[in-house]
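[1] for reference, the sequence and a predicted model appear below.
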Amino acid sequence: MSEALVLIANHGPVRVLMLNRPAQLNSFTAAMHGQLLPALQAAADDAGVRAVVVTGAGRGFCAGQDLNDPGMAAGAGGAPDVGGVIERHYKPLALRVRSMPVPVIAAVNGVAAGAGASLALGCDLVVAARGASFIQAFSKIGLIPDCGGTWLLPRLVGRANALGLAMTGDKLAADEARAMGLIWQVVDDALLMDAALALASRLAAMPSRALAATRRAIDDAMALDHAGALDLEAQRQGELGRGADFAEGVAAFLAKRAPVFKDR
């Protein structure tokens, strides 16, 4: 039986996916990709899952691509086929995370470097341990940010900060990342998983379809002018307004009771 490179656990409606190569700081291999993407797909397909938490085993979240992985197959002239690796693994991973039907939280327990940082930042919310750090390590090996990093960074922290982080490859402490607006929350190391699970459980009780639609609308609006964003809001609100969750939310509000949302 193949080694479990992604550990899967359920906490009620919350699915936890834990990268499991702790001795290698959970760096990516083709084999790990071969387990992580199906695990995300399984969570997306499971109606009982209403939030996902991604974290890492041991002292690191994810150190990016394992450069010794045989999956870095040689391309033309014998050089590693980095573009092929992105097309095969990182592009599908980034697209799946950003299109999940439920909220995705990154619980960053240690270093998140390279594609590991992009994976974390591509999640809806990032909760980091105070001892965690974020490193855009690509420039140190002659590459550019990938796994969606070039799209994410300027939208999160602006062009100047994005270029500074990407070009220098400097380590950014969790508190600095929070102050810059790169991540959502920083907690004491020992409280990380409790905080992440509490947040995930809170989101799991909320209207999943509306939360996923909020992500899509905010992302889509970045490419629109004000009038276009208003048009998009009208379209999406029209769709959500026909859903059971809207009816339930209104009924619960009027009856002064807690709503029970079921749409997904």
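    Perfect, I can see it now. Numbering: from 1, shown residues only.

[2] and the strands in the stretch 101-250 of the chain?
    Taking DSSP state E, counting those that start in this stretch, the strands of the stretch 101-250 of the chain run over residues 104-108, 111-113, 125-129, 133-135, 171-173, 185-187.

[3] redo those as CSV? Include mean neighbour count.
    Every residue, glycine included, has its C-beta placed from N, CA and C. Listed next are the strands of the stretch 101-250 of the chain as CSV, based on neighbours: other C-beta atoms under 10 Å:
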stretch, mean neighbour count
strand 104-108, 28
strand 111-113, 27
strand 125-129, 26
strand 133-135, 23
strand 171-173, 18
strand 185-187, 19
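
[4] of these, which is nearest N26?
    Proximity to N26, assessed across the strands of the stretch 101-250 of the chain by C-beta to C-beta, is greatest for strand 111-113 (9.3 Å).

[5] partner strands of the closest one, parallel or antiparallel?
    strand 60-62 (parallel), strand 133-135 (parallel) (DSSP bridges).

[6] contacts for it, please.
    Strand 111-113 is contacted by residues 25, 60-64, 106, 119-120, 132-135, 137 when judged by C-beta atoms under 8 Å, 6 or more residues apart in numbering.

[7] swap in 7 Å and give it another go.
    Contacts of strand 111-113 with the rest of the structure, by C-beta atoms under 7 Å, 6 or more residues apart in numbering, involve L25, G60, F61, C62, A63, G64, A120, A132, S133, F134, I135, A137.

[8] ok, stretch 138-151 next?
    With C-beta under 7 Å, 6+ apart as the test, stretch 138-151 has contacts from 82, 86, 90, 93-94, 114-115, 118-119, 122, 136, 153, 166-167, 169.

[9] now do that stretch: distance to the chain's middle.
    17 Å (C-alpha atoms, centre = their mean, to the nearest Å).

[10] how about stretch 160-174?
    Distance, centroid of stretch 160-174 to centroid of chain: 19 Å (C-alpha atoms, centre = their mean).

[11] may I see the buried residues of that stretch?
    N161, A162, G164, L165, A166, L172, A174 (16 or more other C-beta atoms under 10 Å).

[12] and stretch 59-77, by the same measure?
    By neighbour count with 16+ other C-beta under 10 Å, stretch 59-77 contains the buried residues G60, F61, C62, A63, G64, Q65, D66, D69, G71, M72.

[13] how about stretch 134-154?
    134-138, 145-149, 151-153.

[14] in this structure, what helix or strand scores lowest on average pLDDT?
    Lowest by mean pLDDT, DSSP states H and E among the helices and strands of the chain is helix 82-85, with a mean of 92.

[15] only C-alpha atoms, please: export that one in CSV.
    Taking Å, rounded to 0.1, in the frame of the first residue of the first chain, the C-alpha atoms of helix 82-85 are listed here in CSV:
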residue,chain,number,x,y,z
VAL,A,82,9.6,22.9,-14.6
GLY,A,83,6.8,24.2,-16.9
GLY,A,84,5.5,20.6,-17.3
VAL,A,85,5.5,20.2,-13.5
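
[16] for the most centrally placed residue in the chain, give me its contacts.
    Centroid-nearest residue in the chain, with C-alpha atoms, centre = their mean: C123, separated by 2.0 Å. Going by C-beta under 7 Å, 6+ apart, C123 touches V54, V97, V104, I105, A106.

[17] what does A44 give?
    Applying C-beta under 7 Å, 6+ apart to A44 gives the contacts M100, P101.
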